[in-house]
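Participant: Pasting the sequence and the predicted coordinates here, then a few questions.
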Amino acid sequence: MYTLGINAAFHDCSAALVQDGILLAASEEERYTHVKHGKRPVPFSTWQLPYHAIDDCLARAGITLAQVDRYAYAFDPRLLVPGGRLPDSMTLPLEPSAAPRVDPGHSPWEALFLSYIANAPRQLVDGVPHHLRARWRDATHAQVRAGWRFVEHHAAHEASAYLASPFQETAVLSLDGRGERVTTSHGVFRDGIFQRLKQVEMPHSLGLLYEDFTQYLGFLRSSDEYKVMALASYGQPTFRDALRDIVRTDNDGGYRIEPVDLVEKFGPARERGGPLEQRHYDIARSLQETLEETVCGMARWLRKASGAPNLVLAGGVALNCVMNARLDALGIYDDIWVQPAAGDAGTALGAALWLDYAERGNRDRRWEMTHAYLGPAYCDDEIEAFLRRARLPYRRVDDVAREAARLLAGDRIIGWFQGGMEFGPRALGARSILASPIHAQMQERLNELKDREDFRPVAPVVLESKAHEWFDARGHVPLRAPFMLFVYDVLPHAAERIPAVRHVDGTARVQTVRRDQNPRYHDLLVAFEDLTGIPVLVNTSFNTRGEPIVCTPRDAIECFWTSPLDALSIGSFFLYKEGVE
C-alpha cells in the first residue's frame, strides 16, 4: 500500500511517500520552485500543492499517481467548520470577497483558505503543471477522493516524531504557531498506541508569539525565527518580567498568552535592515529565556503525566536548538529525539506515517529515521552529462574526500554536492558549503559570501567518535547529534583551535557523523584530520541569501559561479575558480 503525505496548508509545502510502513522519499517544494518556504506575494498561492515534490517522490518509487492507495493531507479543515462537515457547494473563488463564509468568525481570507484545502483532491488531479503530467496519467477525481484523508495538523507533527524516532515508549511534545485550533500538544506513545494527554488552543501560542517578536525585531515571520535565537546570545534578559506578564504558565502543562501591543510595551519596532540596538538584543534574550523556561516547565509536567523515559519533539518551535539543549540539560529524560523536519514540511511525513500505521491496523513500526538524506540524488553519469552540455571545465578525481580536504586545509571554501538531498531546513553534508574552522575570520568570510547578518554563527560538523573531545557532551558519550538540533559548549581546550564555529556565548550547533550515515562526508572529516589534526569542519547550507538550499546539479553550479566559492565538489567531479587549483 502506497500512502502519499502532503503538506500545503500554511508554508513549507512538501510531500512524502510511504509503502507499508517504510518511507521511500520525502521532498520540499521550495527546492524546485526556488520560492523559499513557499511564500509568494499572493497569500492563497502559499497553499499551492507541492506538485514537483510529489512528482519526485513518485519518480523515485517508480509509480504513477494512480497507483497511490491513500492520500494524507496534513490539515483537517473540518475542525474549523460548524458541525465538522464541509459543504458540498464549497468552491475555490478567485477573490477573497467571493469566498463562502463557512463560519461568522472567519475572515474572507480564512474562508478562502478553507475553500482551497477542501478542494485539494480536485486540484491534485486538475492543477498539475503540464510538464509534470506524465506521472499523473490515469489518475481520476474518483480515485483520489476515495483514498483522500484529512489528518489533523498536530497529529501529523506528533506522528512524524513518535513513528520515526528510535523509541518504543516516549513522551511526545508538539509546539508550533498553530494547527487548525491547537498550538501545543502533549501525548505519550506506549505499546504501539498514541494517547493525547493535554492540548493548548488558539489564541495562546508560543510559536505565534515568537513570530510576532521576529517581525517586531525587523525579520521575516515564519522564516527568520532562528535569527532571533542567534541575536539573543548578544543580549541580557532585562525584559524578563515584561515577558512573564505576557506568558502565564499554569504549572499543569499549559499556558496563556496575554494580549499585548509590542510597540506600546517595548518601544518602536525595528525596521527591516535597520541598525540593531542593545534593546533589540535584550528583547531577543528575554524572549528566548521565557520560551525555554515555559517549555522546560511543560516538559517536567509531561514527564510525570506520561511516565515515559524519553521525549520526542516536533513542530516549528522544536527547531530552536538552544531550547532543545536546555531541555537536554534538565536530565529528566533518558534521551531526547527531535524530528529533523520539525517544521511544517515534516507534517507530510507525519501524515503519511500516521495514515499508513492506522490503515495497516497493527502496531508494527517498520522504519526509523536514522538520517535525513531523503530527497533526490544524482549519479556521476547524470552530473557529467550536464557538465559536458554546459561546456564547463571540470576534473574527475578518484579520492573525492582527499581532494576536498586538501582544498579545505588550504583555507578554501567549497560547495559540497553529494548523494540524496536533505529533508528539513538543515544542510547535513549533502548540499553544504564547507570550510575550515581553524581561523576565526572564517565566520565573517562565510557570512559575507552568503550575504548573511554578521551576528549569525556558523555550525561545526565533527566525527561522532571524536565529538566528546571537542564539545561538552553533557554526559552523552558518544555524543550523537546527526541532525544539528542541539547546541553544546565548545570545550575550553578546543576553543582556540576551532574559533570559527564558537558562538559569542561559547556554544556551537553541532552535527555528528558516522560512516554508515554518510560515507563520503565521514571520509572527508577523516582526511581533514589527517592533514590538520582537527576532525571538525564548518558546515553551512549550500545557498545564498533568499534562495532555498540547492537541489539539482544546475542549482549547485549556478550558485557556485554566482558566489565567491573557491571550488565545487559535485559527485566525483571538481570545478575550480581561476587561481584555485
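Facilitator: Okay, I see it. None of the values given here were measured: they were computed from a predicted structure. Residues are numbered from 1 along each chain as shown.
Participant: next one: the worst-scoring helix or strand of the chain on mean pLDDT to chain centre, how far?
Facilitator: Least confident helix or strand of the chain, by mean pLDDT, DSSP states H and E, is helix 108-118 with a mean of 77. Mean-position distance between helix 108-118 and its chain equals 25 Å (C-alpha atoms, centre = their mean, to the nearest Å).
Participant: cool, stretch 370-385 as well?
Facilitator: That offset, for stretch 370-385, works out to 20 Å (C-alpha atoms, centre = their mean).
Participant: Quickly note the distance from Ser185 to Asp212.
Facilitator: Distance, Ser185 to Asp212, by C-beta to C-beta, to the nearest Å: 21 Å. For glycine as for every other residue, the C-beta is placed from the backbone atoms N, C-alpha and C.
Participant: more crowded one of those two?
Facilitator: Looking at Ser185 and Asp212 with other C-beta atoms under 10 Å, you find the greater number of neighbours at Ser185, namely 25 against 18.
Participant: Look up the residues forming beta bridges with that one.
Facilitator: For Ser185, the beta-bridge partners are Ser174, Gln199 (DSSP bridges).
Participant: Am I right that it is in contact with Ala159?
Facilitator: No: applying C-beta atoms under 8 Å as the test, Ser185 and Ala159 come out as separate, 11.3 Å apart.
Participant: before we move on, the earlier item: please point out which parts of the least confident helix or strand of the chain sit buried.
Facilitator: 110-118 (16 or more other C-beta atoms under 10 Å).
Participant: now stretch 483-503
Facilitator: Within stretch 483-503, the residues that count as buried by 16+ other C-beta under 10 Å are 483-491, 494, 497-503.
Participant: what about the strands in the stretch 351-500 of the chain?
Facilitator: 395-396, 414-417, 431-435, 459-463, 487-489 (DSSP state E, counting those that start in this stretch).
Participant: The first one: partners in the sheet, and parallel or antiparallel?
Facilitator: Strand 395-396 has its sheet partners listed here by DSSP bridges as strand 573-576 (antiparallel).
Participant: Report the mean confidence score over the partner strand.
Facilitator: The pLDDT scores in strand 573-576 average 98.
Participant: which residues are in contact with it?
Facilitator: 380, 383-384, 387, 392-397, 400, 403-404, 557, 560, 566-568 (C-beta atoms under 8 Å, 6 or more residues apart in numbering).
Participant: okay, it in CSV with CA atoms only?
Facilitator: Output in CSV follows, covering the C-alpha atoms of strand 573-576 (Å, rounded to 0.1, in the frame of the first residue of the first chain):
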residue,chain,number,x,y,z
PHE,A,573,34.0,15.9,-10.1
PHE,A,574,35.6,19.2,-9.1
LEU,A,575,35.2,22.6,-10.6
TYR,A,576,37.7,25.4,-9.6
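Participant: returning to that earlier point: which among the contacts of strand 573-576 count as buried?
Facilitator: Applying 16+ other C-beta under 10 Å to the contacts of strand 573-576 flags 383-384, 387, 394, 400, 403-404, 557, 560, 566-568 as buried.
Participant: could you redo those residues as JSON lines and give each row distance to Gly410 and pLDDT?
Facilitator: Shown next, in JSON lines, are the buried ones among the contacts of strand 573-576 (distance: C-beta to C-beta, whole Å; pLDDT from 0 to 100):
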{"residue": "Ile383", "distance to Gly410": "24", "pLDDT": "98"}
{"residue": "Glu384", "distance to Gly410": "26", "pLDDT": "98"}
{"residue": "Leu387", "distance to Gly410": "24", "pLDDT": "97"}
{"residue": "Tyr394", "distance to Gly410": "19", "pLDDT": "97"}
{"residue": "Val400", "distance to Gly410": "16", "pLDDT": "98"}
{"residue": "Glu403", "distance to Gly410": "11", "pLDDT": "98"}
{"residue": "Ala404", "distance to Gly410": "11", "pLDDT": "98"}
{"residue": "Ile557", "distance to Gly410": "22", "pLDDT": "97"}
{"residue": "Phe560", "distance to Gly410": "18", "pLDDT": "97"}
{"residue": "Asp566", "distance to Gly410": "9", "pLDDT": "98"}
{"residue": "Ala567", "distance to Gly410": "10", "pLDDT": "98"}
{"residue": "Leu568", "distance to Gly410": "15", "pLDDT": "98"}
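Participant: which two from those end up farthest apart in space?
Facilitator: Spatial extent of the buried ones among the contacts of strand 573-576 (C-beta to C-beta) is set by the pair Glu384 and Asp566 at 21.4 Å.
Participant: got a list of what Glu225 touches?
Facilitator: 210-211, 214, 219, 316, 319-320.
Participant: Determine the number of other residues adjacent to Pro77.
Facilitator: As a burial measure, Pro77 scores 21 neighbours (other C-beta under 10 Å).
Participant: Distance of it relative to Ala53?
Facilitator: 21 Å.
Participant: Ile557 now?
Facilitator: 22 Å.
Participant: any idea whether Ser223 is helix, strand or coil?
Facilitator: Under DSSP: H, G, I helix; E, B strand; the rest coil, the three-state class of Ser223 is coil.
Participant: Chain neighbours aside, what residue packs nearest to it?
Facilitator: Spatial nearest neighbour of Ser223, chain neighbours left out: His37 (5.5 Å); criterion: C-beta to C-beta, 6 or more residues apart in numbering.
Participant: do you know how far that neighbour is from Leu58?
Facilitator: To Leu58, His37 is 23 Å away according to C-beta to C-beta.
Participant: before we move on, the earlier item: rebuild the buried ones among the contacts of strand 573-576 as a markdown table, extending it with distance to Ser27.
Facilitator: What follows is the buried ones among the contacts of strand 573-576, written out as a markdown table (distance: C-beta to C-beta, whole Å):
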| residue | distance to Ser27 |
| --- | --- |
| Ile383 | 19 |
| Glu384 | 24 |
| Leu387 | 24 |
| Tyr394 | 27 |
| Val400 | 25 |
| Glu403 | 30 |
| Ala404 | 26 |
| Ile557 | 20 |
| Phe560 | 22 |
| Asp566 | 29 |
| Ala567 | 27 |
| Leu568 | 23 |
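Participant: Which of those sits closest to Glu464?
Facilitator: Ala404 (19.3 Å).
Participant: List the contacts of the closest one.
Facilitator: 414, 416, 434, 524, 527, 569, 574.
Participant: Identify the structural domains in the chain and state their residue ranges.
Facilitator: Using automatic domain parsing, the domain parsing of the chain gives 2-75+119-154+348-360, 165-338, 380-576.
Participant: Quick check: which of the ones you listed is nearest to Arg366?
Facilitator: For those, proximity to Arg366 was assessed by C-beta to C-beta; domain 2-75+119-154+348-360 is nearest, at 3.4 Å.
Participant: tell me, how many neighbours does Leu262 end up with?
Facilitator: Neighbour tally, Leu262, other C-beta under 10 Å: 17.
Participant: ok, it to Phe213 distance?
Facilitator: Taken as C-beta to C-beta, the span from Leu262 to Phe213 is 7 Å.
Participant: now the helices for the stretch 351-500 of the chain?
Facilitator: Using DSSP state H, counting those that start in this stretch, the helices of the stretch 351-500 of the chain run over 380-389, 400-409, 441-449, 492-495.
Participant: Can you name the element that comes right after the last one?
Facilitator: Elements were assigned by DSSP states H and E; along the chain past helix 492-495, the next helix or strand is strand 507-509.
Participant: buried residues in that next one?
Facilitator: 507-509.
Participant: returning to what we had before: just the closest of the buried residues of helix 108-118 to Val128, please.
Facilitator: Nearest member of those to Val128, counting by C-beta to C-beta, is Tyr116, at 15.7 Å.
Participant: The longest helix seen in the chain: which residues count as buried?
Facilitator: Using DSSP state H, we find that the single longest helix of the chain is helix 278-306. Going by neighbour count (16+ other C-beta under 10 Å), the buried part of helix 278-306 is 279-299, 301-303, 305-306.
Participant: same thing with stretch 554-567?
Facilitator: In stretch 554-567, counting by 16+ other C-beta under 10 Å, buried: 555-557, 559-560, 563, 565-567.
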